[in-house]
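In: Sequence and computational prediction follow.
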Amino acid sequence: MTFSISSYLHEHGPSRSATIVAALKKEGVSAAAARQRVSRAKPPVYSFPLGLLPKGEFFLYLQDQRNTEKFWDNFMRDLRASGSVYGAAIDGMSARGGLVTKDAFKVISGAPILPIEGQLSVDVVAQTLIKASFIKEIETADHGMCYQIQPSLHSHGFGNMRARMLAEGVLLDAVREWARHIGMAGFNSIRIRGEADLKAIGPFAFDLAGPSYLLPLKGQGSQPGFWVADAFAEGMLEESDIQYFIRKARMLKSFLPKIGVMSMLVAESFTGAALKAGHAAGIMMATPKDLFGRHVGAALVTLMETLNNAAAYASTSPERLTQLLDTLTEIEGRAGNLRGILFELMAGYLARRDAVSIEMGVTARDPFTGKTADIDILKIKALGSEAATIEAKGKMPGGSLSKAEVEEWIAKLPTIRGHLRAHPTLREAKQVFEIWTTGTIDPDALVLLQSTKSKWTKSEINWKDGQGVLEVAKAGKEKAITDALYQHFLSHPLSEVNKTVATLPTTALPDFLNSTSTATAIVPYGVVKLVS
C-alpha cells in the first residue's frame with residue numbers, strides 16, 4: 001500500500017514534518033524525496049502558517065483536527081522534542097498556572113529580553129504565540145498586561161495568580177535572606193521580583209539577582225560574578241517545566257564567559273526526571289524544606305493553601321493565622337511581604353464579625369471600561385444592604401501608609417464601584433470603601449484621604465491606622481488577633497528602633513548606614529549596576 005501523508009495524520013494525529021519524513025524513509029523513500037513530498041503536501045493536509053518549529057520544520061494536520069485537544073497536545077509534544085523556545089515559554093507559563101503578568105513572562109519565557117543575533121527576543125516570542133493562538137492578552141488594572149495560555153494546553157491549574165504571586169514574594173524574600181546570611185551574594189545588593197532596581201543579568205530576566213564575590217564566580221580583579229534564581233510557590237515541577245530555566249542558564253554561561261553565574265531554581269517539589277535534567281545542566285535545585293527546614297517549609301505550603309482559600313481561613317479560628325505568622329517570621333526578609341499577606345487575612349477575620357459573608361482576593365471588573373482591580377476583602381451586610389471593600393496594608397514595625405499608596409488605592413475605586421454597580425445583587429447596596437493599615441498614616445496621605453472623603457458624597461470613604469485596627473480587635477475580644485498585632489506589628493522592638501533612627505540627623509548615623517556602596521559588572525550589553 002502506498003504511504004499517504006493524510007492517512008498517517010489520520011492514524012497518528014497532527015505531526016511535525018521531521019516525524020513524517022522519518023516515516024517515509026522507513027517505507028523506502030529517499031531522504032530528499034521524503035522531504036520534497038512533505039513540503040508539497042496539499043489539502044486535505046494543511047501546514048500551520050507560523051513557523052514555531054526550528055530548522056525550517058513545519059507542523060502538519062488535517063482540517064478536522066484543527067484546534068482539537070489532540071492538535072494542541074501533539075503540537076506541544078513536537079515543540080518540546082525540537083527544543084523550540086516557544087515550547088519552553090508555554091511550559092514555563094503552565095508551571096505558573098497558565099496566567100502570568102507581562103513582566104513574569106520575561107522571566108519564564110527562556111528568551112532574551114535584549115536583541116541577540118540568532119535568538120528570538122521575548123517580545124517576538126510573545127507576539128508569535130499570540131498570533132498562533134497559543135496565548136492571549138488580558139489587561140488588568142492591578143497587574144497590567146497579562147498572558148493566558150490556550151485552555152487546551154492543560155496548565156497545572158493553580159489558577160489563583162494573585163495568591164501565587166503573594167506567596168512567591170514571601171518565598172523570594174526568604175531566599176534572599178538565606179543568601180545574604182551565607183554570603184552567596186552581596187549582602188545589600190540582592191534584588192527580587194517587584195523591586196524597581198532588579199536588573200537583567202546579561203540578556204535575561206530573573207526573579208532574583210545579585211553580584212557574587214565567591215571565589216569560583218569572580219572574574220579578573222574585583223569583577224563579581226552573579227547569583228540568579230527563579231521561584232515557584234506551588235506544585236511539582238516536571239522536566240518540561242524547567243527547560244526555560246536550563247535554556248537561560250546555558251546561554252548565560254556563553255554570554256558571560258569570563259565570570260561565573262550560579263543559577264538556582266526553587267520550587268515546592270520536583271519530579272525525579274526534573275531533578276536529573278537540572279543537575280545534568282549544572283543548576284542548583286532546592287525546595288523550601290531544603291533551605292529552611294521541614295517546619296518552615298511546611299508552613300510555606302500552608303500559606304499557599306491559605307491564600308487559595310483566604311475567605312474560608314479568615315472565617316475560622318485565628319490561631320491558624322497567628323501560628324503561620326509566628327512560624328514564617330523566622331524567615332521573613334526586609335521586604336515585609338509576609339506581614340502584608342497575613343494582615344490581610346487578619347483584617348478579613350475582623351471584618352467578618354458584622355457581615356453575612358466576606359470574599360477575599362476578588363477581581364473586580366467594570367463592564368463599561370473593561371478595567372479590572374483587585375479587592376482584598378469584600379464584606380457584605382444583611383440582605384445586601386451594604387457592600388464594603390477593604391484594602392489591607394500590613395507594615396513592618398514602625399512603618400507608615402504613604403500618600404503614593406493612598407493614591408494607588410483611590411485610582412482603583414472607580415473600577416471597583418463600576419463592578420459593584422453591575423453586580424446582580426449589590427447594585428442597590430450602599431458602597432463603602434476602606435483602607436486599613438497596621439502602621440501610622442503619613443500626614444499628606446491623611447490629607448488626601450480627608451479630601452477624597454469630602455468629595456465622594458455618594459459613597460463612604462473610611463480608614464483605620466494600626467491603633468484603629470487594634471481597637472476593632474479589642475472590641476470583639478479577639479485575644480489571639482490582639483496579641484499578634486501587638487507582637488508583630490505594633491509593639492515589636494524594631495518599631496521603636498525605626499522611630500528613633502527616623503528622628504536622627506544623617507550625621508548621627510553610623511558610617512555603614514550613610515554609605516551607598518555600589519557593585520558594578522560589565523556585561524556584553526551594557527553595565528549592570530546594583531546599589532546597596
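Out: On my side now, so go ahead. Residues are numbered from 1 along each chain as shown.
In: so where does the spatially most central residue of the chain fall, helix or strand?
Out: Nearest residue to the geometric centre of the chain (C-alpha atoms, centre = their mean): residue 165, 4.0 Å. When elements are assigned from DSSP states H and E, residue 165 belongs to helix 161-182.
In: just residue 457 next, same as before
Out: Under DSSP H and E, no helix or strand contains residue 457.
In: Count the residues that sit near it.
Out: 7 (other C-beta atoms under 10 Å). Every C-beta, even on glycine, is put in place using the N, C-alpha and C of the backbone.
In: In terms of pLDDT, where does it sit?
Out: Per-residue confidence (pLDDT) for residue 457: 86.
In: again, but for residue 297
Out: pLDDT at residue 297 comes out at 85.
In: if we can go back for a sec, which residues touch the residue nearest to the centre of the chain?
Out: Residues near residue 165 by C-beta atoms under 8 Å, 6 or more residues apart in numbering: 101, 143.
In: Look up how far residue 67 lies from it.
Out: 31 Å (C-beta to C-beta, to the nearest Å).
In: now swap in residue 138 and tell me
Out: Applying C-beta to C-beta, the value for residue 138 to residue 67 is 20 Å.
In: Could you do residue 379 as well?
Out: Counting by C-beta to C-beta, the gap from residue 379 to residue 67 is 43 Å.
In: Just want to know which of those two has more residues nearby.
Out: Higher neighbour count among residue 379 and residue 67: residue 379, with 24 against 12, using other C-beta under 10 Å.
In: Sheet partners, orientation included, of the host helix or strand of that one?
Out: If you go by DSSP H and E, residue 379 is part of strand 372-380. If you go by DSSP bridges, strand 372-380 pairs up with strand 357-365 (antiparallel), strand 386-393 (antiparallel).
In: List the contacts of the closest residue to residue 490 other than its chain neighbours.
Out: With C-beta to C-beta, 6 or more residues apart in numbering as the criterion, residue 490 has its nearest non-adjacent residue at 5.4 Å, and that residue is residue 466. Listed by C-beta under 8 Å, 6+ apart, the contact partners of residue 466 are 395, 437-440, 485, 489-490.
In: Which pLDDT value goes with residue 466?
Out: 95.
In: Okay, and which of the contacts of residue 466 map to helices?
Out: Among these, the members falling in helices (DSSP state H) are residue 485.
In: Quick check: residue 184 touching residue 228?
Out: No. Between residue 184 and residue 228 there is no contact under C-beta atoms under 8 Å: 10.7 Å.
In: Now for these two: what residues contact both?
Out: residue 262.
In: Show me which of the two is the more surrounded one.
Out: Set side by side, residue 184 and residue 228 show more neighbours around residue 228, with 26 against 22, by other C-beta under 10 Å.
In: what separates the more buried one from residue 78, distance-wise?
Out: Distance from residue 228 to residue 78, by C-beta to C-beta: 30 Å.
In: ok, the residue nearest to residue 355 when sequence neighbours are not counted to residue 50 distance?
Out: Of all residues not flanking residue 355 in the chain, residue 379 sits nearest, at 4.6 Å (C-beta to C-beta, 6+ apart). Between residue 379 and residue 50 the distance is 48 Å, computed by C-beta to C-beta.
In: swap in residue 70?
Out: 19 Å.
In: Next up, phi/psi of residue 413, please.
Out: With angles defined as degrees, to the nearest 10, residue 413 sits at phi -60, psi -40.
In: residue contacts, it?
Out: Residue 413 touches 433, 456, 459, counting by C-beta under 8 Å, 6+ apart.
In: I'd like to know which of those residues are buried.
Out: Among these, those buried by neighbour count (16 or more other C-beta atoms under 10 Å) are residue 433.
In: remind me which residues of the stretch 301-450 of the chain are low pLDDT?
Out: Along the stretch 301-450 of the chain, segments meeting pLDDT under 70 span 311, 313-317, 332-336.
In: what ranges do the strands span in it?
Out: Per DSSP state E, counting those that start in this stretch, the stretch 301-450 of the chain carries strands over the ranges 357-365, 372-380, 386-393, 400-401, 430-437, 440-441.
In: can you count the residues close to the closest residue to residue 220 other than its chain neighbours?
Out: Counting by C-beta to C-beta, 6+ apart, residue 220 lies nearest to residue 258, which is 7.0 Å off, once chain neighbours are set aside. By the criterion of other C-beta under 10 Å, residue 258 has 9 neighbours.
In: Can you list the helices and strands that the one helix or strand residue 32 maps to packs against?
Out: Under the criterion of DSSP H and E, residue 32 resides in helix 31-39. The elements that helix 31-39 packs onto, with contact taken as 3 or more C-beta pairs under 8 Å, 6 or more residues apart in numbering; DSSP states H and E, are helix 17-26.
In: in the helix it packs on, what counts as buried?
Out: 17-21, 23-24.
In: Which neighbouring elements make contact with it?
Out: Here helix 17-26 touches helix 5-12, helix 31-39, strand 59-62, going by 3+ C-beta pairs under 8 Å, 6+ apart.
In: Of the ones you listed, which stretch is the most buried?
Out: strand 59-62 (a mean of 22; mean count of other C-beta atoms under 10 Å).
In: Toward the C-terminus, what is the element adjacent to it?
Out: Following strand 59-62 in sequence, per DSSP H and E, is helix 69-82.
In: and that following helix with helix 5-12, angle?
Out: Put simply, helix 69-82 runs at 100 degrees to helix 5-12, going by axes from the mean of the first three to the mean of the last three C-alpha atoms, to 10 degrees.
In: between the next helix or strand after helix 69-82 and helix 69-82, how big is the angle?
Out: Moving toward the C-terminus from helix 69-82, the next helix or strand (DSSP H and E) is helix 85-95. Using the same axes, to 10 degrees, the direction of helix 85-95 lies 120 degrees away from that of helix 69-82.
In: Which secondary structure elements does helix 85-95 sit against?
Out: By 3+ C-beta pairs under 8 Å, 6+ apart, helix 85-95 packs against helix 69-82, helix 102-108, helix 122-131, strand 144-149, helix 243-255.
In: what mean pLDDT would you report for it?
Out: 95.
In: swap in stretch 37-51?
Out: Averaged over stretch 37-51, pLDDT sits at 93.
In: what's it in contact with?
Out: Residues outside stretch 37-51 that contact it (C-beta under 8 Å, 6+ apart): 5-6, 9, 17, 20-21, 24, 29, 57-63, 66, 75, 128, 131-132.
In: next one: stretch 243-250
Out: Identification of contacts with stretch 243-250 by C-beta under 8 Å, 6+ apart yields 80, 85, 87-89, 91-92, 108-110, 204, 206, 230, 261, 263, 265, 277-278, 281-283.
In: Quick check on those residues: which are buried?
Out: Buried members of the contacts of stretch 243-250, counted by 16+ other C-beta under 10 Å: 80, 85, 87-89, 91-92, 108-110, 204, 206, 230, 261, 263, 265, 277-278, 281, 283.
In: so how many other residues sit close to residue 341?
Out: Neighbourhood size, residue 341 [other C-beta under 10 Å]: 24.
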